[in-house]
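1. Sequence and predicted structure below; questions after.
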Amino acid sequence: MTATPAMSAGDKSPFVRPPTAQEAVLAELRRQLTDGRLPPGTPIRQETLAADLGVSRVPVREALKVLQADRLVEYIPHRGYFVSELSSADLDEVNRLRRLLELEAIRESIPRMTTEDLGVLRARFEAIVRALDGEDVRAVIEANRAFRFGLMEPCHMPRLMHLIRILEEATLSHQYLYYSTMSASSRRATATAYEQMLVAATAGDVESVAALLLERLNRARTFVQAHLES
């Protein structure tokens, strides 16, 4: 969670306000969803989590409500909170919506990209290559997200990007499943696909970027759906 800088009168450097306990708990839960510690179906015990993080149950409860609103966790009366499990039908719905919204963002974004935007995208491509070469699955997930959002954010449509973020987070646990079982050849193919996206974006080739992104979404969906059905 990024802290909020604030300036006091006469200060020469910004005062960094620490995150609230709720923000800290929320950030930690999101980390655990993306690094495999909280796979789908896992019960979340508020008392245990509060003790582990050194906070009261209040910020834990509030953080869980945020995740419940995003459908990342679900509350079952008399049983408590659990990490949400997406059925094949749920996953198909999420991916249909992602295709519609992300392709719309791409078509609005690519023609508006500036030299600075492309520089950011190039740096994010280099980051995802480094992540794919390593063993940190969460780093791969975060680098993948950063690159794709670098392709879409120049659309300057905040409501659209907000919806895309919600749908992205609905599959956090499943992204871990996908990337943690990726073979060496699949990692190389992924790096190549992102390089092709970067080249197409630099050339302003909207349809090539859209086709490459769609192929990546379909590949991940097919893998995870096969896992769920098995």
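-> That came in fine, so what should we check first? Numbering: from 1, shown residues only.

2. downstream neighbour of the helix or strand residue 185 falls within in the secondary structure list?
-> Using DSSP states H and E, residue 185 sits within helix 184-202. Using DSSP H and E, the helix or strand that follows helix 184-202 in sequence is helix 206-229.

3. Can you name every helix or strand that that following helix contacts?
-> helix 88-109, helix 137-152, helix 172-180, helix 184-202 (3 or more CB pairs under 8 Å, 6 or more residues apart in numbering; DSSP states H and E). Every C-beta, even on glycine, is put in place using the N, C-alpha and C of the backbone.

4. ok, 7 Å please
-> helix 88-109, helix 172-180, helix 184-202 (3 or more CB pairs under 7 Å, 6 or more residues apart in numbering; DSSP states H and E).

5. Of these, which is nearest residue 33?
-> Of all the helices and strands packed on helix 206-229, helix 172-180 sits nearest to residue 33, with 4.3 Å by CB to CB.

6. just checking, what packs against the closest one?
-> Applying 3+ CB pairs under 7 Å, 6+ apart, one finds that helix 172-180 contacts helix 21-34, helix 137-152, helix 206-229.

7. Report the inter-axis angle for that helix versus helix 21-34.
-> 40 degrees (axes from the mean of the first three to the mean of the last three CA atoms, to 10 degrees).

8. Could you write out the alpha-carbon coordinates of helix 172-180 in CSV?
-> Extracted C-alpha coordinates of helix 172-180, given in CSV (Å, rounded to 0.1, in the frame of the first residue of the first chain):
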residue,chain,number,x,y,z
LEU,A,172,-5.8,-13.4,-8.2
SER,A,173,-5.7,-16.9,-6.8
HIS,A,174,-6.2,-18.5,-10.2
GLN,A,175,-3.3,-16.4,-11.6
TYR,A,176,-1.0,-17.9,-9.0
LEU,A,177,-2.1,-21.4,-10.2
TYR,A,178,-1.4,-20.5,-13.8
TYR,A,179,2.0,-18.9,-13.3
SER,A,180,3.3,-21.3,-10.6
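
9. Now do it: distance to the chain's middle.
-> Its chain's C-alpha centre and that of helix 172-180 lie 10 Å apart, by CA atoms, centre = their mean, to the nearest Å.

10. would TSV of the helices and strands packed on helix 172-180 with mean pLDDT be doable?
-> Putting the helices and strands packed on helix 172-180 into TSV (pLDDT from 0 to 100) gives the following:
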stretch	mean pLDDT
helix 21-34	89
helix 137-152	92
helix 206-229	86
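
11. Could I get these in TSV, plus columns for distance to residue 112 and mean neighbour count?
-> Conversion of those to TSV gives the following (distance: least, CB to CB, whole Å; neighbours: other CB atoms under 10 Å):
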stretch	distance to residue 112	mean neighbour count
helix 21-34	29	20
helix 137-152	11	21
helix 206-229	11	16
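
12. Using JSON lines, please lay out those helices together with distance to residue 57.
-> JSON lines is the format used below for those (distance: least, CB to CB, whole Å):
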{"stretch": "helix 21-34", "distance to residue 57": "10"}
{"stretch": "helix 137-152", "distance to residue 57": "26"}
{"stretch": "helix 206-229", "distance to residue 57": "33"}
